[in-house]
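> All I have is the shape, not the residue letters:
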């Protein structure tokens, strides 16, 4: 035996263990990705509502800027009775500004409601997908026992030291519970 032989053997064993670990990891990743292919995630597109909302806000801002600019031009050149008219215009501008502000708030609330509905839809889809995955796992856990007779199921329970009483479904559930422990 040469002085490097134990190191070579240890290196070979380490390589083999690494290869086995990598293979197990690959199999686990494949199983996971196979499950992901069965899951569908709904598409959420908030781009259009958000774009429309900000276009509306931009129009409101442009409108208010134009009105304020015109009002400022009038105020600087007005005197006497014309100032009285400017006061009336101020009242109209204030009313219109309040109306536009109310509309903007309503639009924001609608956008928030749409976003909430879509978020709820996504959350519901996620819960449904999780339930489907859980059902698939349960079905997969039942596979080894499908087609076995009650006597065969009872024999497996006896071999594990578990109670053998109950109907076939109860026996299968007991075996599945024991498998998961």
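Everything's here; your move. Quick caveat, the model's predicted, so the values are computed rather than measured.

> make it CA atoms for all contacts and neighbour counts henceforth
Will do.

> Low-confidence ranges, the protein, go.
1-2, 36-37, 39-41, 75, 78-82 (pLDDT under 70).

> After the helix ranked longest in the chain, which helix or strand is next?
For the chain, the helix that runs over the most residues, judged by DSSP state H, is helix 81-142. Where DSSP states H and E defines the elements, the next helix or strand beyond helix 81-142 is helix 150-159.

> If we go by neighbour counts, what in that following helix is buried?
150, 153, 154, 156, 157 (16 or more other C-alpha atoms under 10 Å).

> list the contacts for the residue lying closest to residue 155 once chain neighbours are set aside?
Once flanking residues are discounted, residue 155 sits nearest to residue 164: 7.9 Å by C-alpha to C-alpha, 6 or more residues apart in numbering. Listed by C-alpha atoms under 8 Å, 6 or more residues apart in numbering, the contact set of residue 164 reads 154, 155, 157, 158, 171.

> how near is residue 164 to residue 62?
Residue 164 is 80 Å from residue 62, where distance means C-alpha to C-alpha, to the nearest Å.

> Now do the same contact list for residue 154.
Counted by C-alpha under 8 Å, 6+ apart, residue 154 has contacts 164, 165, 171.

> want to try TSV for those, with distance to residue 21 and secondary structure as columns?
Converted to TSV, the contacts of residue 154 look like this (distance: C-alpha to C-alpha, whole Å; DSSP: H, G, I helix; E, B strand; the rest coil):
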residue	distance to residue 21	secondary structure
164	38	coil
165	41	coil
171	35	helix
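
> right, and out of those residues, which lies closest to residue 11?
Comparing the contacts of residue 154 against residue 11 with C-alpha to C-alpha places residue 171 closest, at 47.5 Å.

> Could you look up the SS state of residue 163?
Here residue 163 is recorded as coil under DSSP: H, G, I helix; E, B strand; the rest coil.

> wait, doesn't it sit right on residue 157?
Yes - counting by C-alpha atoms under 8 Å, residue 157 is a contact partner of residue 163 at 6.5 Å.

> Could you tell me the backbone phi and psi angles at residue 166?
Main-chain torsions, residue 166, degrees, to the nearest 10: phi 120, psi 180.

> Fine by me, we can end here.
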